[in-house]
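In: coords please:
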Amino acid sequence: MLHRFRSNTLLSGASVYLLSNLVNAAIPFALLPLLTRVLGPAGYGEVAMFQTLLAALEAVVGLSVAGAVGRKYYDLPADEAELGRFVGSCLQLVLAAALAVLGVVLLFSAPLSQWLGLPAPWLPWAVFTSACAAVTGIRLGLWQVRHQARRFGALQIGQGALNMALSLLLVVVLLQGAGGRIQAQVVAAGLSALLALALLHRDGLLRLRCWRPDFLREALAFGLPLVPHFAGLFLLNAVDRLVIHDELGLAQAGVYMVAVQLGNAMSLVFDALNKAYGPWLFERLKRGDDQDKRLIVRRTYAWFAALLLGAALACVAGPALVRLVAGEKFAAAGLVIGWLALGQAFNGMYFMVTNYVFYARRTGSLALATVGAGLVNVALLLVLVRHFGLQGAAIAFSLSMGLRFLLTWCVAHRHCPMPWRRAVLPGAARAAA
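Out: This next block holds a predicted model:
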């Protein structure tokens with residue numbers, strides 16, 4: 001039984017990714033009771049706004065280079081020298097993008113600082129952290145496509161543990177407030193990027209001294225269409241904090257961020273499964289076997305049902321969990337947990353259909369679906385937050401995530417058809433035959 005489990009790349013890989021995600025997520029979760037009580041709603045709001053800035057910069061600085069490298073691996077599975085040149089070209093793009101964004105941030109640092117409620121010196125460090133995340137993502141992505149989940153987990157957990165240790169030192173021991181928490185994130189990201197570069201070099205996957213315009217164009221062709229996609233993700237997942245900060249104040253943004261972090265516990269499972277599921281699915285789609293496709297669809301529907309059940313359970317247990325973890329000052333976060341959990345359930349459904357779009361390399365269509373849902377989220381936020389406060393933001397998030405899932409499902413079926421009806425309706429299968 002154990003041998004069969006280990007030989008199943010989906011189950012064994014997913015278990016390692018899930019364990020890694022749980023351990024890595026347990027770190028900020030363990031910090032939550034301390035940080036909320038030491039920083040208070042306003043201080044925690046500053047941390048939330050810095051993380052919001054990171055989310056905004058991720059796509060522009062990173063240019064989805066980790067995804068481009070992972071997809072390139074399937075074209076060059078045995079040519080590590082050529083793959084190393086592609087990695088080097090991607091890192092050149094990250095450096096150029098980071099310098100360009102840094103110039104813009106420095107030029108507009110005063111209005112950005114006022115808008116975000118953050119000290120101006122913190123803004124350039126957000127650009128640095130985003131670039132480091134892109135570098136680390138390349139190393140993690142190559143381990144993922146090669147089914148080396150344990151190495152993936154070791155680096156991910158190591159970065160999280162360092163982040164936790166530095167946060168405890170700077171915030172709890174040295175009492176440096178929100179700035180200490182942000183410094184911990186910056187240092188942990190920087191050291192992880194250095195380690196990732198060293199490991200890429202050790203494995204012969206880093207060729208920086210190269211000039212390959214064809215690789216640069218290929219990486220841009222993959223990443224640029226995803227910039228609107230990630231802009232849409234920002235509108236879906238992070239812009240609510242900006243609206244809350246503007247409408248309700250920095251302290252309420254901190255309260256909402258606590259609810260978001262607790263709601264994100266569901267996304268840890270989705271992310272872990274998707275890290276193993278993506279390569280597994282690509283391999284079976286490449287085979288083109290109809291029986292495999294029907295089995296995939298049936299399991300997808302079963303997963304949808306499990307996600308909705310999980311959201312219902314989170315709705316019941318959420319308010320008590322908030323009081324236990326964050327304290328009474330953040331009790332208002334418990335009122336929005338149910339809506340956020342439903343939105344995360346839709347996010348889990350989205351993960352199950354978006355891989356078909358990546359397989360078909362139709363990332364531009366994916367961007368349209370995400371941006372459309374993101375713009376709907378902004379419109380809903382501007383209306384609902386004014387009338388319902390934090391609960392309005394959570395309702396907007398849930399409805400918009402549901403819309404993104406449905407739009408992405410339509411795009412996936414158009415570019416990579418699957419037997420969504422035939423797999424569960426025998427009559428439909430006979431008619432198709």
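In: now the stretch 51-200 of the chain, which segments are flagged as low pLDDT?
Out: 76-78 (pLDDT under 70).
In: residue ranges for the helices of it, please.
Out: For the stretch 51-200 of the chain, the helices defined by DSSP state H, counting those that start in this stretch occupy 65-73, 80-107, 109-116, 122-145, 149-167, 177-202.
In: Nearest spatial neighbour of Leu54, chain-adjacent residues omitted?
Out: Leaving aside its sequence neighbours, Leu54 sits nearest to Ala126 (Cβ to Cβ, 6 or more residues apart in numbering; 5.6 Å). Bear in mind the C-beta positions are built from the backbone N, C-alpha and C, glycine included.
In: hang on, the earlier thing: can you list the helices of the stretch 51-200 of the chain in JSON lines and add mean neighbour count?
Out: Below are those laid out as JSON lines (neighbours: other Cβ atoms under 10 Å):
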{"stretch": "helix 65-73", "mean neighbour count": "23"}
{"stretch": "helix 80-107", "mean neighbour count": "18"}
{"stretch": "helix 109-116", "mean neighbour count": "14"}
{"stretch": "helix 122-145", "mean neighbour count": "23"}
{"stretch": "helix 149-167", "mean neighbour count": "19"}
{"stretch": "helix 177-202", "mean neighbour count": "19"}
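In: domains in this protein, as residue ranges please.
Out: 1-223, 225-427 (automatic domain parsing).
In: if we can go back for a sec, and the helices of the stretch 51-200 of the chain as JSON lines, adding distance to Pro228?
Out: Formatted as JSON lines, the helices of the stretch 51-200 of the chain follow (distance: least, Cβ to Cβ, whole Å):
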{"stretch": "helix 65-73", "distance to Pro228": "15"}
{"stretch": "helix 80-107", "distance to Pro228": "15"}
{"stretch": "helix 109-116", "distance to Pro228": "21"}
{"stretch": "helix 122-145", "distance to Pro228": "17"}
{"stretch": "helix 149-167", "distance to Pro228": "28"}
{"stretch": "helix 177-202", "distance to Pro228": "25"}
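In: Could I get the full set of strands for this protein?
Out: Counting by DSSP state E, one finds no strands in the chain.
In: Kindly state the pLDDT recorded for the residue most central in space within the chain?
Out: The residue lying closest to the centre of the chain (Cα atoms, centre = their mean) is Asp271, at 7.7 Å. Predicted confidence (pLDDT) for Asp271: 72.
In: swap in the one 3 residues further on?
Out: As summarised for this prediction, Asn274 has a pLDDT of 75.
In: roughly how far apart are it and Gly45?
Out: Asn274 sits 30 Å away from Gly45, taking Cβ to Cβ, to the nearest Å as the criterion.
In: Same check on Ala149?
Out: 36 Å.
In: cool, and Arg386?
Out: The value you get for Arg386 to Gly45, if Cβ to Cβ is used, is 19 Å.
In: picking up where we left off before, for the helices of the stretch 51-200 of the chain, which one sits closest to Leu19?
Out: Among these, the nearest to Leu19 by Cβ to Cβ is helix 149-167 (6.6 Å).
In: Send me that closest one as CSV with only the CA atoms.
Out: Output in CSV follows, covering the C-alpha atoms of helix 149-167 (Å, rounded to 0.1, in the frame of the first residue of the first chain):
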residue,chain,number,x,y,z
ALA,A,149,8.6,18.0,-4.0
ARG,A,150,10.8,17.4,-1.0
ARG,A,151,13.4,19.9,-2.1
PHE,A,152,10.6,22.4,-3.0
GLY,A,153,9.3,22.0,0.6
ALA,A,154,12.7,22.3,2.2
LEU,A,155,13.3,25.7,0.6
GLN,A,156,9.8,27.0,1.2
ILE,A,157,9.8,26.0,4.8
GLY,A,158,13.3,27.3,5.4
GLN,A,159,12.2,30.8,4.1
GLY,A,160,9.1,30.7,6.3
ALA,A,161,11.1,29.7,9.4
LEU,A,162,13.6,32.4,8.9
ASN,A,163,10.8,34.9,8.4
MET,A,164,9.3,33.8,11.7
ALA,A,165,12.5,33.9,13.6
LEU,A,166,13.3,37.4,12.4
SER,A,167,9.8,38.6,13.1
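In: neighbouring contacts of it?
Out: 12-13, 16-17, 19-21, 23-25, 27-28, 30-31, 35, 136, 139-140, 143-144, 180-181, 183-185, 187-189, 191-192, 195-196, 199, 275-276 (Cβ atoms under 8 Å, 6 or more residues apart in numbering).
In: what does stretch 86-97 give?
Out: 60-63, 65, 68-69, 72, 76, 131, 134-135, 138, 142, 200, 205-210, 212, 215-216, 218-220, 223.
In: Could you pull up the mean pLDDT of stretch 305-317?
Out: For stretch 305-317, the per-residue pLDDT averages 86.
In: buried residues in that stretch?
Out: 307, 310-311, 314 (16 or more other Cβ atoms under 10 Å).
In: can you tell me which two in the residues you listed are farthest apart?
Out: Using Cβ to Cβ, the two most remote members of the buried residues of stretch 305-317 are Leu307 and Ala314, lying 10.6 Å apart.
In: Overlap in contacts, those two.
Out: Met266.
In: ok, Asn274 and Gly45, which is more surrounded?
Out: Gly45 (25 against 20; other Cβ atoms under 10 Å).
In: separation between Leu407 and Gln344?
Out: Counting by Cβ to Cβ, the gap from Leu407 to Gln344 is 18 Å.
In: So for those two, which residue has more residues nearby?
Out: Gln344 (26 against 21).
In: what sits against the more buried one?
Out: With Cβ under 8 Å, 6+ apart, Gln344 has these contacts: 263-264, 266-267, 270, 311, 401.
In: Let me have those residues in JSON lines, adding distance to Ala369 as columns.
Out: Shown next, in JSON lines, are those (distance: Cβ to Cβ, whole Å):
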{"residue": "Gly263", "distance to Ala369": "22"}
{"residue": "Asn264", "distance to Ala369": "22"}
{"residue": "Met266", "distance to Ala369": "21"}
{"residue": "Ser267", "distance to Ala369": "19"}
{"residue": "Phe270", "distance to Ala369": "18"}
{"residue": "Ala311", "distance to Ala369": "22"}
{"residue": "Met401", "distance to Ala369": "12"}
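In: Just the closest of the residues you listed to Gly318, please.
Out: Of these, the one sitting nearest to Gly318 (Cβ to Cβ) turns out to be Gly263, at 8.0 Å.
In: State the pLDDT value of that closest one.
Out: At Gly263, pLDDT is 80.
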